[in-house]
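can't give you the sequence, but here's the structure:
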């Protein structure tokens, strides 16, 4: 400490700046550097011992704790000067409020997001036509990993979109996973008017009910809805896959409706179509080709 004191005294004589201010600045820098070092060490230690989803959440918790401690230490060394700073702020408060309005609004909206949780990490949301998965939430903004189209079943483009937190008050937020993580997906198959309708529907039921990803979802969905029943009134009559029939002009539309995780929907649709094409080649499904035979 003696060396630091001599160093501060030397700088004060050299720059003609009051020694107390030099001490304050260097103490602040030392605290900032110390906690920056701690945060990096913490991230590395967590990365070595923990993998997967837990790594992010534990790292976030440790970073928050270190940030709080950092603020406490800074407030302690600045305590003697805070009164003067507050006097200055009160004089210039009107100008600062206007200049920092968006920053302040984003900060309080960040607290709202943390407390009310209109969306959370890994949930799929849509705002202003941009759909994607939430990958980070801070007190000022949140980041979304964009998906390839406006539908909830798209795949990641690799583009990260940053939104200010205040947007949750100015724009509607569409949460694909709010409450429960499964959504209804539909796939429409066209068959001829004169086909064996019973045979075609039976084959479609067989295909969709034999896909492993779909099999256990109805039970999981029921369990999630039972947990939500005390907070949100959400009710479905059916949870198992259903095939609906509709006559349209010169063909019949068979719409398969089933529960699916939005991030897996595109893969499952591809699997279903592959099995439908296989069934068509084996004469188990009569696909409508759009051509009719002339008499």
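Noted; the coordinates are in hand. All values reported here derive from a predicted model rather than from experimental measurement.

Tell me where the model's unsure across this structure.
1-5, 7-8, 10-19, 51-53, 80-99, 149-154, 179-180, 218-237, 291-295 (pLDDT under 70).

how about the helices in it?
Counting by DSSP state H, the chain has helices at residues 2-15, 19-49, 53-91, 93-99, 101-116, 167-170, 197-209, 212-215, 217-228, 265-281.

Need the winner for burial among the ones you listed.
helix 197-209 (a mean of 17; mean count of other Cβ atoms under 10 Å). The way it works is simple: take the backbone N, C-alpha and C, and place the C-beta from them, glycine included.

Make CSV out of the helices of the chain and add distance to residue 255.
Below are those laid out as CSV (distance: least, Cβ to Cβ, whole Å):
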stretch, distance to residue 255
helix 2-15, 76
helix 19-49, 46
helix 53-91, 35
helix 93-99, 55
helix 101-116, 36
helix 167-170, 34
helix 197-209, 10
helix 212-215, 16
helix 217-228, 18
helix 265-281, 12
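
and of those helices, who's closest to residue 287?
helix 265-281 (5.0 Å; Cβ to Cβ).

From the centroid of this protein, which residue is nearest?
residue 134 (1.9 Å; Cα atoms, centre = their mean).

Quick one: closest of the helices of the chain to residue 147.
helix 265-281 (9.7 Å).

domains in the protein, as residue ranges please.
Here the domain parsing of the chain from automatic domain parsing is 2-99, 113-175, 183-281.

Export those domains as a markdown table, with columns for distance to residue 106.
Below are the domains of the chain laid out as a markdown table (distance: least, Cβ to Cβ, whole Å):
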| stretch | distance to residue 106 |
| --- | --- |
| domain 2-99 | 14 |
| domain 113-175 | 4 |
| domain 183-281 | 27 |
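
Out of those, which gets nearest to residue 105?
Nearest to residue 105, of the domains of the chain and by Cβ to Cβ, is domain 113-175 at 4.7 Å.

can you pull the contacts of the residue nearest to the centre of the chain?
119-125, 142-144 (Cβ atoms under 8 Å, 6 or more residues apart in numbering).

same check, this time on residue 118
168, 173, 175, 178.

for residue 160, same thing?
Residue 160 neighbours (Cβ under 8 Å, 6+ apart): 135, 143-146.

Go again with 6 Å.
143, 145 (Cβ atoms under 6 Å, 6 or more residues apart in numbering).

Okay, it and residue 66: tell me how far apart.
24 Å (Cβ to Cβ, to the nearest Å).

do the same with residue 259
Distance, residue 259 to residue 66, by Cβ to Cβ: 42 Å.

Same question for residue 42.
Taken as Cβ to Cβ, the span from residue 42 to residue 66 is 7 Å.
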